[in-house]
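Visitor: Sharing a model prediction with you, sequence too.
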Amino acid sequence: MTAVPDLGLRTRTGGSVAFAVRQLGDRRVMVVEVEGEDRGALRPADGENLAIAARTARDQRLPLVCFMASSGAAIDEGVGAVHGWGTAAREFVACSGVVPTIFCVTGPTVSGPALLLGLADLVVMVDDTYAFVSGPHMVRQFTGEDLSNEGLGGTTMHERTSGVAHFTVADRAEADDLVTELLSFLPDHNDQIPAGWACADPVDRLTPEAGDLIPDTPTGSYDVRDVLACLVDDGHLLEPRAQWAPNLVTAFASIGGRPVGLVANQPQSVAGTLDIAASQKGGRFVAFCDAFNLPLVTFVDTSGFYPGKDLEWRGMIRYGAQMAFAYARATVPRVCVTLRKSYGGAYIVMDSRYMGNDLMLAWPSAEIAVMGAKGAVEILHRDADEDERARLVAAYEERLLNPYIAAERGSVDRVIEPAETRSELAAALDVLAGKRERLPRRRHDNSPL
């Protein structure tokens, strides 16, 4: 492929912000570089350049990639520098859901510029960088806690605790490669379908090994990533936020060369139950895939929402609703596969038939019910002795805990063998490729935050 020269814009304005239309892999993107002699301090002109870069990306329907290292607003410029940041933030918000926005932290990123990371679709952080709104000095002054830059906002913290970093990489070269790979799964803008690629992995490949991974006992653990790797092209998963909210796996992959977004409960972490972080992670990923026309494939193995006073007091109701909200408004093709347990409210929010999915599949190992047999018997038959409870549990499991009851009621379209899963998913995605669904006209929805 012939290299396309960079098209620099506003190159004589100086300052900490430079931007150009550049080739990344085989894609033309708007690339913004925020750095400079004064540690990337943003002056009014820099805020204006950020805003123009975002607006141009939106107008020209180009993905927006921003490499960020900034100490915040230039103190000697007064409030004008803050105004510039505000103008830039407004333009980045206008890009949301129109063009993919990827930020890469290449150096210290603090104060207002750090908040821009929260507006991005995807955030990559280079090792040994940090990002925070209020630095260690302010924290020490107000709380008495003594923290280093890394302890307060380093890559490990943002990867595992805050969820700000979707990916961490060793250096800038690795960041460029990762951004290029991410763009391969995405369209240039929201009016396009992801292009996909030729695939040598047969779509009718049988996958019995996927079913072999499910333990014989209902409480046995396994890594759901191994199941996903059996089903997608060449076993390749690109997993954002892999270390944050590990009880829910979200990943980009392809099936038959078609890019898709995967959402799956992870039994290895708190038995795959949903908590606040998992609900936020899932809701945000589903909304992102819906915005950029990535079909969603959901894999369910969860006993419900994680119980606890702390979670309820922190707003489990509000955050749990984010998953339900994101799925309910998603208009892209949606296929759900129940692998094992699917109980209660978590059954509903994990893209159940009643959340509006297009195809509901289940393996023979699936258990779809309000709750597990033991819990149900303990509530319904509190006075029963141990032997009677054992008989009641067995009867409950035989009568209700199988996918065929759900299929009889229309909650499941088909019960399939694990070996057929890849071919079933590929066929469903082919049929649904032409799906068109319009939401009611309104200014915007009021998403639970």
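Guide: Looks like it came in fine.

Visitor: Point out where this protein drops to low pLDDT.
Guide: Residues of the chain that meet the criterion pLDDT under 70 lie in 1-5, 7-14, 36-40, 73-78, 80-81, 370-401.

Visitor: domain parsing for it?
Guide: According to automatic domain parsing, the chain is divided into the following domains: 7-184, 208-366+402-432.

Visitor: Export those as CSV, with columns for mean neighbour count and distance to His444.
Guide: All C-beta spots, glycine's among them, are computed from the backbone N, C-alpha and C. Formatted as CSV, those follow (neighbours: other Cβ atoms under 10 Å; distance: least, Cβ to Cβ, whole Å):
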stretch, mean neighbour count, distance to His444
domain 7-184, 19, 10
domain 208-366+402-432, 20, 11
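
Visitor: Nearest to Asp201, out of these?
Guide: domain 208-366+402-432 (4.6 Å; Cβ to Cβ).

Visitor: Show the end-to-end separation of the closest one, please.
Guide: Using Cα to Cα, to the nearest Å, the end-to-end distance of domain 208-366+402-432 comes to 25 Å.

Visitor: same deal with stretch 304-320?
Guide: 11 Å.

Visitor: what does that stretch rub up against?
Guide: Here stretch 304-320 makes contact (Cβ atoms under 8 Å, 6 or more residues apart in numbering) with 247, 270, 273-276, 279-280, 343-347, 349, 371, 448-449.

Visitor: Inside strands: which ones of those residues?
Guide: Using DSSP state E, the members of the contacts of stretch 304-320 that fall in strands are Tyr343.

Visitor: What distance do you get for the most centrally placed residue in the chain to Val260?
Guide: Per Cα atoms, centre = their mean, the C-alpha nearest to the average position across the chain is that of Phe285, at 2.8 Å. For Phe285, the distance to Val260 (Cβ to Cβ, to the nearest Å) stands at 12 Å.

Visitor: any idea which element the spatially closest residue to Asp413 that is not a sequence neighbour lies in?
Guide: Of all residues not flanking Asp413 in the chain, Met360 sits nearest, at 5.0 Å (Cβ to Cβ, 6 or more residues apart in numbering). Met360 belongs to strand 359-362 when assigned by DSSP states H and E.

Visitor: helices and strands around that strand, which ones?
Guide: Packing contacts for strand 359-362, counted by 3 or more Cβ pairs under 8 Å, 6 or more residues apart in numbering; DSSP states H and E, involve strand 334-343, helix 403-408, strand 414-415, helix 421-432.

Visitor: wait, which of those is closest to Cys199?
Guide: Cys199 lies closest, by Cβ to Cβ, to one member of the helices and strands packed on strand 359-362: helix 421-432, at 9.6 Å.

Visitor: contact partners of the closest one?
Guide: Contacts for helix 421-432 (Cβ under 8 Å, 6+ apart): 203-207, 210, 230-231, 255-256, 258, 260, 295, 297, 333, 335, 337, 358-359, 361, 363, 414, 416.

Visitor: For the stretch 151-300 of the chain, which segments count as helices?
Guide: 155-157, 172-184, 208-212, 224-231, 276-291 (DSSP state H, counting those that start in this stretch).

Visitor: okay, the ones you listed in JSON lines with distance to Val105 next?
Guide: Below are those laid out as JSON lines (distance: least, Cβ to Cβ, whole Å):
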{"stretch": "helix 155-157", "distance to Val105": "8"}
{"stretch": "helix 172-184", "distance to Val105": "9"}
{"stretch": "helix 208-212", "distance to Val105": "37"}
{"stretch": "helix 224-231", "distance to Val105": "26"}
{"stretch": "helix 276-291", "distance to Val105": "18"}
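
Visitor: looking at those, which is closest to Gln266?
Guide: Nearest of the helices of the stretch 151-300 of the chain (Cβ to Cβ): helix 224-231, 5.1 Å.

Visitor: what angle separates the closest one from strand 334-343?
Guide: 140 degrees (axes from the mean of the first three to the mean of the last three Cα atoms, to 10 degrees).

Visitor: Distance from helix 224-231 to the middle of the chain?
Guide: Distance, stretch centre to chain centre, for helix 224-231: 17 Å (Cα atoms, centre = their mean, to the nearest Å).

Visitor: what does it contact?
Guide: Contacts of helix 224-231 (Cβ under 8 Å, 6+ apart): 207, 209-210, 213-214, 235-237, 239, 249, 251, 253, 255, 262, 264-268, 272, 299, 301, 339, 421-422, 425.

Visitor: these two touch, right, Val93 and Ala120?
Guide: No. Using Cβ atoms under 8 Å, Val93 makes no contact with Ala120, being 10.9 Å away.

Visitor: Which strands or helices does whichever strand or helix holds Ala114 pack on?
Guide: Using DSSP H and E, Ala114 falls within helix 112-117. If you count contacts as 3+ Cβ pairs under 8 Å, 6+ apart, helix 112-117 packs onto strand 64-70, helix 79-95, strand 101-110, strand 131-132.

Visitor: Would you format these as a markdown table with distance to Arg318 included?
Guide: What follows is the helices and strands packed on helix 112-117, written out as a markdown table (distance: least, Cβ to Cβ, whole Å):
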| stretch | distance to Arg318 |
| --- | --- |
| strand 64-70 | 30 |
| helix 79-95 | 22 |
| strand 101-110 | 25 |
| strand 131-132 | 25 |
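
Visitor: Of all these, which one is nearest Arg172?
Guide: Distance to Arg172, taken as Cβ to Cβ, is lowest for strand 101-110 among the helices and strands packed on helix 112-117, at 5.9 Å.

Visitor: how far does that closest one sit from the chain's center?
Guide: Distance, centroid of strand 101-110 to centroid of chain: 19 Å (Cα atoms, centre = their mean).

Visitor: That one pairs with which strands, parallel or anti?
Guide: strand 64-70 (parallel), strand 122-126 (parallel), strand 131-132 (parallel) (DSSP bridges).

Visitor: Check which helix or strand Ile368 maps to.
Guide: Residue-wise, Ile368 maps onto strand 367-369 under DSSP H and E.

Visitor: list the helices and strands that strand packs on?
Guide: Partner elements for strand 367-369 (3+ Cβ pairs under 8 Å, 6+ apart): strand 334-343, helix 403-408.

Visitor: what's the offset of that strand from the middle of its chain?
Guide: Averaged C-alpha coordinates place strand 367-369 at 26 Å from its chain's average position (Cα atoms, centre = their mean).

Visitor: Which strands border that strand, and is each parallel or antiparallel?
Guide: Here strand 367-369 has these sheet partners by DSSP bridges: strand 334-343 (parallel).

Visitor: tilt between the partner strand and helix 421-432?
Guide: 130 degrees.
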